[in-house]
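Chemist: any chance you could fold what I've pasted below:
(chains A, B, C and D)
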Number of protein chains: 2
Amino acid sequence: MKRSTIKDVANRLGVNPSTVSRALKDHPDIGQALREEIKRVALEMKYTPNQMAVQLRQRQRQLVGLVIPEITMFFYPSVIRGIEEVLEPRGYQLVMLPSNESPAREAQNLKFCDENQLAGVLISFTRHTLPADGVSLLSDLDMPVVVFDKSLPDLPFDSVMLEDEEAACRAARFLIDSGCKRIGGLFGSPHLLITQQRLRGFRRALSEAGLLFDESLARFAGNAAEADDCAREMMTLEIVPDAVFMMSDEIVMGAYPAILRSGIDIPGECSVICISDGFIPKCYYPEISYLHHDGAGIGREAALRLLDLIESDSSVVIPRQQMVHAELVELESTKRIIQSED
Amino acid sequence: MKRSTIKDVANRLGVNPSTVSRALKDHPDIGQALREEIKRVALEMKYTPNQMAVQLRQRQRQLVGLVIPEITMFFYPSVIRGIEEVLEPRGYQLVMLPSNESPAREAQNLKFCDENQLAGVLISFTRHTLPADGVSLLSDLDMPVVVFDKSLPDLPFDSVMLEDEEAACRAARFLIDSGCKRIGGLFGSPHLLITQQRLRGFRRALSEAGLLFDESLARFAGNAAEADDCAREMMTLEIVPDAVFMMSDEIVMGAYPAILRSGIDIPGECSVICISDGFIPKCYYPEISYLHHDGAGIGREAALRLLDLIESDSSVVIPRQQMVHAELVELESTKRIIQSED
DNA sequence: ATCCGTTGCGCAATCGTTTGCGGTTGATAA
DNA sequence: TTATCAACCGCAAACGATTGCGCAACGGAT
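Modeler: Here you go, the predicted model:
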């Protein structure tokens, strides 16, 4: 059975479609009696407006595109929750557009947003997207955009990111303040912006504390398997580190089991800390303290900003680069020194 | 700058919009020369069809709604990947509609699918949705639906689910075959269908092996925190179990750290196994063997079935209940007995 | 009785595409 | 020369809703 349209309702009552339309939105032009009669019949006929038609007239739909490099188990689920949290009460829905780490697919996804006239786009770039391509892609797009997390250098668009350098610096400083002297660092792919920034923060903390940066104690891994190797090597050095900083969940998953397997006592002989969404560090025993890479928070901020852009008619808003602070979450494994100093 | 419409292109060339429309879809009525000229100009003007208008005419859009109880880190990300894998090549996009475990929100989400005339819906029910409500919700919906994972008893709709009972049974049997005699079981909320079925499978394996089902060794936890308590209690019994079965990731996250903390040797003194998506079991050390609750597989199957329903015009398809097999994945922690018997 | 201001509703255009049908060419066959 | 028939293209009506404007009816003021 076909769904009933506004015409069906109008015909049934012998009135004009426009009258039905107005009555259902409580337009004052329509008299009390008729208005209620129309509502009654509309309900009875299970009339519900066809959003395609509405949107064609209104030339915008309450949909926001979410373009992300991949749907992984960490980070993005929290991001999505954060986004939904602000979108839902305002009547917007989210369209998932995973790019599978492919710039081609990413471009395709943005084209989809364009053709479908979504209200706006939230994007986190593929690890292979070139800065120049990113800029031109977003410039072609004639709609509000907010970049989050995986951004590109010098983007002339709104963005919401973690304070990467600061977070890494504070993580390292925390280890230093606990009395650690020989601190290892495990990082991701060296060409990523995020890696560079976290590395910079890590080094800054060391130098500020007067510790020298030991090349053999800083390793880079492209994935979890490589992180496993790095950790294994590091834990078989003549002098093992008395603390290890891991820059991300992926690194933790590869490296931490290897560290545990090495038999070293945590937190007795070696403290650990990482930057994480907070899920992974609690999966292990002993748990790992971390600087909170708050996915939900980033999602929330990005969505808020996007709605601002969407609903502010002025088309000349200056891009704002927003930084989200990383909170330190202390768990068992790094409390050692603190306690022993009481 | 406004986006150019088909009319703009037509005016520029002094032809009719219909001609442009046909030319762009290579309709034979349009001559070679004009056709190419039109394509050239369209490209130059960056014309791209307004999908809202297209869909209004075509009365269907290439969007599939995904209604899930919550966006958690386990299971659903894999499900989404599986779904995307089959949807993307066929030109469909996914709209996320999380219900936050609220039946009201769930109803709202389905209404959204209806009003927006999505092509179809994939749904996994909230833990609070009553069977009767679920049926009426889906019946009102005039579009293809496939239920996956969290289903309800006796639903007259297509569904794709894990072989829950079978998986639990095989998990327990595996422990038994390894020589374990005193097997503990940690389960989720007892009123969930999924819990009941896994419990049934667990009991069946025990009884088939001639082992008696010890009430004190089967515990139910509503969440991770409760699972922690359950595990702690279980590991402080006079006679601790020589194996533990955990029915889900959530249970594992609560219980396994508690088990590890108890100081018992794994897999030396106690074997463990669980039903899981495969991510969590590898986060821990020692790792946990598991029956693979294959999210991607379930997502794939559900999406395939949905596309079948969407693209088969016959409206009288009989619902098909599909079961997805759970593969056993053996990791370190349960290999003990096997090896010692070599 | 005329004028004016409400009140209440219908007309028709519009959003951007698609598509059935008709009409105009020019060439070919009768 | 006149049917016949492709080959090409335009007209206009949809799809389902919204909205500016017009217009009738009616009451009250002049």
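Chemist: who's in contact with the residue nearest to residue A:292 when sequence neighbours are not counted?
Modeler: Leaving out its chain neighbours, the residue that sits closest to residue A:292 by CB to CB, 6 or more residues apart in numbering or on different chains is residue A:327, at 4.5 Å. Using the backbone N, CA and C atoms, a C-beta is placed for each residue, glycine as well. Going by CB atoms under 8 Å, 6 or more residues apart in numbering or on different chains, residue A:327 touches A:291, A:292, A:294.
Chemist: distance of the nearest residue to residue A:164 once chain neighbours are set aside relative to residue B:59?
Modeler: Leaving aside its chain neighbours, residue A:164 sits nearest to residue A:197 (3.9 Å; criterion: CB to CB, 6+ apart). Using CB to CB, to the nearest Å, we find residue A:197 at a distance of 50 Å from residue B:59.
Chemist: more neighbours: these two, which one.
Modeler: Neighbours were counted for residue A:197 and for residue B:59 using other CB atoms under 10 Å in any protein chain shown; residue A:197 has more, 20 against 11.
Chemist: give me the element that one is part of.
Modeler: Per DSSP states H and E: residue A:197 is located in helix A:193-208.
Chemist: what comes up buried for that helix?
Modeler: Buried positions in helix A:193-208, judged by neighbour count with 16 or more other CB atoms under 10 Å in any protein chain shown: A:193-199, A:201-206.
Chemist: ok, and what's touching the helix or strand hosting residue A:174?
Modeler: Using DSSP H and E, residue A:174 sits within helix A:164-177. When contacts are defined by CB under 8 Å, 6+ apart, helix A:164-177 is touched by residues A:183, A:185, A:194, A:197-202, A:204-206, A:208-209, A:211, A:243, A:245, A:247, A:271, A:273-275, A:289-291, A:293, A:323, A:325-326, A:328, A:334.
Chemist: now do whatever helix or strand comes next after that helix: which elements does it pack against?
Modeler: Downstream of helix A:164-177, the first helix or strand assigned by DSSP H and E is strand A:183-187. Under the contact criterion of 3 or more CB pairs under 8 Å, 6 or more residues apart in numbering or on different chains; DSSP states H and E, strand A:183-187 touches helix A:164-177, helix A:193-208, strand A:218-220, helix A:224-234, strand A:243-246, helix A:249-261.
Chemist: can you redo the ones you listed as JSON lines with mean pLDDT?
Modeler: Output for the helices and strands packed on strand A:183-187, formatted as JSON lines (pLDDT from 0 to 100):
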{"stretch": "helix A:164-177", "mean pLDDT": "96"}
{"stretch": "helix A:193-208", "mean pLDDT": "94"}
{"stretch": "strand A:218-220", "mean pLDDT": "95"}
{"stretch": "helix A:224-234", "mean pLDDT": "92"}
{"stretch": "strand A:243-246", "mean pLDDT": "96"}
{"stretch": "helix A:249-261", "mean pLDDT": "90"}
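Chemist: from these, which stretch is densest packed?
Modeler: With neighbours defined as mean count of other CB atoms under 10 Å in any protein chain shown, those peak in mean count at strand A:243-246, which reaches a mean of 29.
Chemist: and the residue nearest the centre of chain A?
Modeler: Nearest to the geometric centre of chain A sits residue A:79, at 4.2 Å (CA atoms, centre = their mean).
Chemist: pretty sure that residue sits in a helix.
Modeler: Yes: judged by DSSP: H, G, I helix; E, B strand; the rest coil, residue A:79 forms part of a helix.
Chemist: roughly how far apart are it and residue B:150?
Modeler: In terms of CB to CB, residue A:79 sits 23 Å off from residue B:150.
Chemist: please apply the same query to residue A:120.
Modeler: Applying CB to CB, the value for residue A:120 to residue B:150 is 31 Å.
Chemist: more neighbours: these two, which one.
Modeler: When residue A:120 and residue B:150 are compared for neighbours, residue A:120 comes out ahead with 22 against 18, by other CB under 10 Å.
Chemist: quick one, phi psi at the nearest residue to the more buried one once chain neighbours are set aside?
Modeler: Using CB to CB, 6+ apart and skipping the chain neighbours, the partner closest in space to residue A:120 is residue A:144 (4.0 Å). Backbone geometry at residue A:144, expressed as degrees, to the nearest 10, gives phi -60, psi 140.
Chemist: next, count neighbours for residue A:144.
Modeler: Neighbours of residue A:144 using other CB under 10 Å come to 23.
Chemist: now do the same contact list for it.
Modeler: Shown in contact with residue A:144 (CB under 8 Å, 6+ apart): A:119, A:120, A:121, A:306, A:309, A:310.
Chemist: run the last query once more with 6 Å
Modeler: Shown in contact with residue A:144 (CB atoms under 6 Å, 6 or more residues apart in numbering or on different chains): A:120, A:306, A:309, A:310.
Chemist: out of the residues you listed, which one sits closest to DNA strand D?
Modeler: residue A:310 (17.3 Å; CB to the nearest atom of the strand).
Chemist: so which strand or helix has that closest one?
Modeler: helix A:295-311.
Chemist: and the gap between the residue in chain A that DNA strand D sits nearest to and chain B?
Modeler: Of all residues in chain A, residue A:18 sits closest to DNA strand D, at 2.6 Å by CB to the nearest atom of the strand. Distance, residue A:18 to chain B, using CB to the nearest CB, to the nearest Å: 18 Å.
Chemist: and residue A:139, how many neighbours?
Modeler: Count around residue A:139 with other CB under 10 Å applied: 11.
Chemist: same question for residue A:191.
Modeler: Residues within reach of residue A:191, counting by other CB under 10 Å, total 10.
Chemist: adding distance to DNA strand D, write the buried residues of helix A:193-208 out as CSV.
Modeler: Compiled in CSV, the buried residues of helix A:193-208 are given as follows (distance: CB to the nearest atom of the strand, whole Å):
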residue, distance to DNA strand D
A:193, 44
A:194, 45
A:195, 50
A:196, 49
A:197, 47
A:198, 49
A:199, 53
A:201, 51
A:202, 55
A:203, 58
A:204, 55
A:205, 57
A:206, 61
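Chemist: can you put those in CSV and add distance to residue A:178?
Modeler: As requested, those are exported to CSV (distance: CB to CB, whole Å):
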residue, distance to residue A:178
A:193, 29
A:194, 25
A:195, 24
A:196, 26
A:197, 23
A:198, 19
A:199, 21
A:201, 17
A:202, 16
A:203, 19
A:204, 18
A:205, 12
A:206, 14
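Chemist: ok, which pair from those residues is furthest apart?
Modeler: By the measure CB to CB, A:193 and A:206 form the most distant pair in the buried residues of helix A:193-208, at 20.8 Å.
Chemist: DNA strand D contacts on chain A?
Modeler: Counting by CB under 7 Å from any atom of the strand, chain A comes close to DNA strand D at A:5-7, A:17-18, A:21-22, A:24-25, A:29, A:47, A:49-50, A:53-54, A:56-58.
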